[in-house]
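Q: Predicted model follows, preceded by the sequence.
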Amino acid sequence: MNSRRPYLTKLSQFAWLASFWFAVHFIWATLLPVVIPARVERLVALEVYGSRLGIVLGLGALVSAVLQLTIGFISDSSESRLGRRKPYIIIGVLASTAALLYLVEAPFYWHLVVAYFLVQIFLNLASVPYQSMMPDLVPERYHGRAAAMMGLFDLTGKLSGLLAVGAVISGVGAGAASVAATIPGYTLLGVAYCMLLLGLGIAVVLKTPSYPQIPQAGFLRFRFVQEGRPAPLEILRQYVKFEFARNPNFVKLACSRAAILLGYYTFVPLVYRFCVTNLNVSESERGMAAVLLAAIILGAVAGNLAGGYLSDRIGKRRVIFLGMSVSIVFMIPVIFAHSFAQAAYFGAALGVGWGAFIAADWAFAFTLIPKERTARYMGVWDLTALAPQMVARSNPTLPYSVRCVLWESG
């Protein structure tokens, strides 16, 4: 067994490792707000559209929540000659490509449900262990810069996904006939999904070291307890054993992140109505909502890089506080802006604070997570982003706004 941890210390190594995050967020940025709703609209009658969309998204959210905790537990309890993370990335990437192609070409509604179920399983199978590689392989003194790379590919993946949707799928939301005319666009997106997953997934597997390497374990084997043959009840005990009482700082950080992200996911779907009502943007200029979101994201990219560097210099807590303070300060002039140009300008400044918060928040989480339970805690960390999205979407005033912002802006 190779017990020596192969630490990564160079910015280029952080970039290679974080690059797969671009593919993951490109997919979710297009799949959830655009592709799934439009495919459901294409496959069901309009009078049952809302309930059928709710089934798909609700099932997906439930499956994702369970899997993020379960896959992390299994990954932490695995042994392999490739380390405890890479086998899941390989299996997840290969299976996800097939599931995504099935999803974009699903001929009937229930095929779509099955395809989305498979996508949730296999993308989570790859992404939860993948995220754990960063705290596994990066020393604490570099957590800020490594988290900045994760944030950079997160933000650029989302931005690229929105741009891709606008480029290949126009007129979505105008009705089933319009969607039917753009079906080839979904095929094109499916191919893009597969190319990104395969290309960046292979890059992560080949360009990052494996830890811990156990050659006699072969490709993959499980070890849920250290000694003896585990009984089912012992496995269950290990599964539910998080020991949060020993890590109160992680609990506080996770709860604060969930509260902050709830505000973010509530705000984003209302950007379109904000532009029309507050900024007097005409309804014929629906794309301006996407421009405002792009300004915020571009500011966040700059703030993310600066925040990651500063986290390693002045401390993660300080940067988290500074980032949120900047966001709050500039949120006020965005809300009361008298023109679109003012809103975009102050929105970019708001984004700088938001990006700094993202980098420092991730870096602090990397530091607080126990090294032998990395994937378990990363699964909990993912839930702090999933739960606010579920709560925000449960607001009955949001579905129309979501469609306005992300469909009609194309």
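A: That came in fine, so what should we check first?

Q: what stretches of the chain score poorly on pLDDT?
A: By pLDDT under 70, the low-scoring segments of the chain are 1-3, 166-185, 224-231, 269, 283-287, 392-410.

Q: One more pass at 80, please.
A: In the predicted model of the chain, residues 1-4, 33-34, 162-188, 223-245, 265-273, 276, 281-290, 372, 389-410 satisfy pLDDT under 80.

Q: now the strands for it?
A: Secondary structure of the chain (DSSP state E): strands located at 78-79, 221-222.

Q: can you list those in CSV and add mean neighbour count and distance to residue 301?
A: (Glycine included, C-beta is placed from N, CA and C.) Compiled in CSV, those are given as follows (neighbours: other Cβ atoms under 10 Å; distance: least, Cβ to Cβ, whole Å):
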stretch, mean neighbour count, distance to residue 301
strand 78-79, 20, 35
strand 221-222, 13, 40
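
Q: Would you format those as CSV with distance to residue 32 included?
A: As requested, the strands of the chain are exported to CSV (distance: least, Cβ to Cβ, whole Å):
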stretch, distance to residue 32
strand 78-79, 29
strand 221-222, 32
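
Q: just the helices in the stretch 51-200 of the chain please.
A: Per DSSP state H, counting those that start in this stretch, the stretch 51-200 of the chain carries helices over the ranges 86-104, 109-137, 143-168, 176-181, 183-207.

Q: before we move on, the earlier item: of all the strands of the chain, which lies closest to residue 363?
A: Using Cβ to Cβ as the measure, strand 78-79 is the one of these that comes nearest residue 363, at 25.9 Å.

Q: how long is stretch 207-222 end to end?
A: Across its full length, stretch 207-222 reaches 25 Å between end residues, using Cα to Cα, to the nearest Å.

Q: swap in stretch 71-91?
A: So stretch 71-91: terminal residues 13 Å apart, Cα to Cα.

Q: Also stretch 136-147?
A: Using Cα to Cα, the gap from the first to the last residue of stretch 136-147 comes to 13 Å.

Q: quick revisit: which one, of the helices of the stretch 51-200 of the chain, ends up nearest to residue 387?
A: Residue 387 lies closest to helix 109-137 among these, at 15.1 Å (Cβ to Cβ).

Q: Show me what counts as buried in the closest one.
A: Neighbour-count burial for helix 109-137, counted by 16 or more other Cβ atoms under 10 Å, picks out 109, 112-113, 115-137.

Q: That helix to helix 143-168, inter-axis angle?
A: Our comparison of helix 109-137 with helix 143-168, counting by axes from the mean of the first three to the mean of the last three Cα atoms, to 10 degrees, yields an angle of 160 degrees.

Q: Now do helix 109-137 and helix 86-104, the angle between them.
A: Our comparison of helix 109-137 with helix 86-104, counting by the same axes, to 10 degrees, yields an angle of 150 degrees.

Q: ok, now which ones touch residue 112?
A: Taking Cβ atoms under 8 Å, 6 or more residues apart in numbering as the contact definition, residue 112 lies against 36, 39, 40, 43, 56, 103, 106.

Q: Identify the residues contacting the closest residue to the first one other than its chain neighbours.
A: The one in question is residue 36. When the adjacent residues along the chain are set aside, residue 36 lies closest to residue 56, with 6.0 Å between them (Cβ to Cβ, 6 or more residues apart in numbering). For residue 56, the contacting residues are 36, 40, 112, 113, 116, taking Cβ under 8 Å, 6+ apart as the criterion.

Q: swap in residue 103?
A: By Cβ under 8 Å, 6+ apart, residue 103 lies in contact with 31, 35, 39, 112, 115, 116, 118, 119, 190.

Q: if I look at it, how far off is residue 144?
A: Using Cβ to Cβ, to the nearest Å, one obtains 37 Å as the distance from residue 103 to residue 144.

Q: And residue 347, by the same measure?
A: 25 Å.

Q: Repeat that for residue 278.
A: Counting by Cβ to Cβ - residue 278 and residue 144 are separated by 36 Å.

Q: Check residue 135 too.
A: With Cβ to Cβ as the criterion, residue 135 and residue 144 are 13 Å apart.

Q: Residue 328 now?
A: Relative to residue 144, residue 328 is positioned 22 Å away (Cβ to Cβ).

Q: In terms of packing, which of these two has more residues around it?
A: Relative neighbour count places residue 144 above the other of residue 328 and residue 144, with 27 against 11, counting by other Cβ atoms under 10 Å.

Q: nearest spatial neighbour of the more buried one, skipping sequence neighbours?
A: Skipping the residues right next to it in sequence, residue 144 comes nearest to residue 311 by Cβ to Cβ, 6+ apart, at 2.9 Å.

Q: contacting residues for residue 92?
A: Listed by Cβ under 8 Å, 6+ apart, the contact partners of residue 92 are 122, 123, 124, 125, 126, 127.

Q: ok, the fourth one - contacts?
A: I take that to be residue 125. Going by Cβ under 8 Å, 6+ apart, the list of residues near residue 125 reads 67, 71, 88, 91, 92, 95, 96.

Q: Tell me how many other residues crowd residue 58.
A: 13.

Q: Does the residue nearest to residue 144 touch residue 359 like I think?
A: Yes: when contacts are counted by Cβ atoms under 8 Å, residue 311 is listed as touching residue 359 (6.2 Å).

Q: Find the residues that touch each one of the two.
A: Both residue 311 and residue 359 are contacted by 144, 147, 148, 319, under the criterion Cβ under 8 Å, 6+ apart.

Q: Now the common contact residues for residue 135 and residue 144.
A: Shared contacts of residue 135 and residue 144, defined by Cβ under 8 Å, 6+ apart, are not found at any residue.

Q: So for residue 311 and residue 359, which residue has more residues nearby?
A: Regarding residue 311 and residue 359, a neighbour count based on other Cβ under 10 Å identifies residue 359 as having more, with 34 against 30.

Q: Hmm, residue 151 and the more buried one touching each other?
A: Yes: Residue 359 lies in contact with residue 151 (Cβ under 8 Å); the separation is 4.7 Å.

Q: Overlap of the contact sets of the two?
A: The contact sets of residue 359 and residue 151 overlap at 304, 307, 308 (Cβ under 8 Å, 6+ apart).

Q: what's the burial count for the nearest residue to residue 391 once chain neighbours are set aside?
A: Of all residues beyond its chain neighbours, the one nearest residue 391 is residue 262 (6.0 Å), with distances taken as Cβ to Cβ, 6+ apart. When neighbours are counted by other Cβ under 10 Å, residue 262 registers 17.
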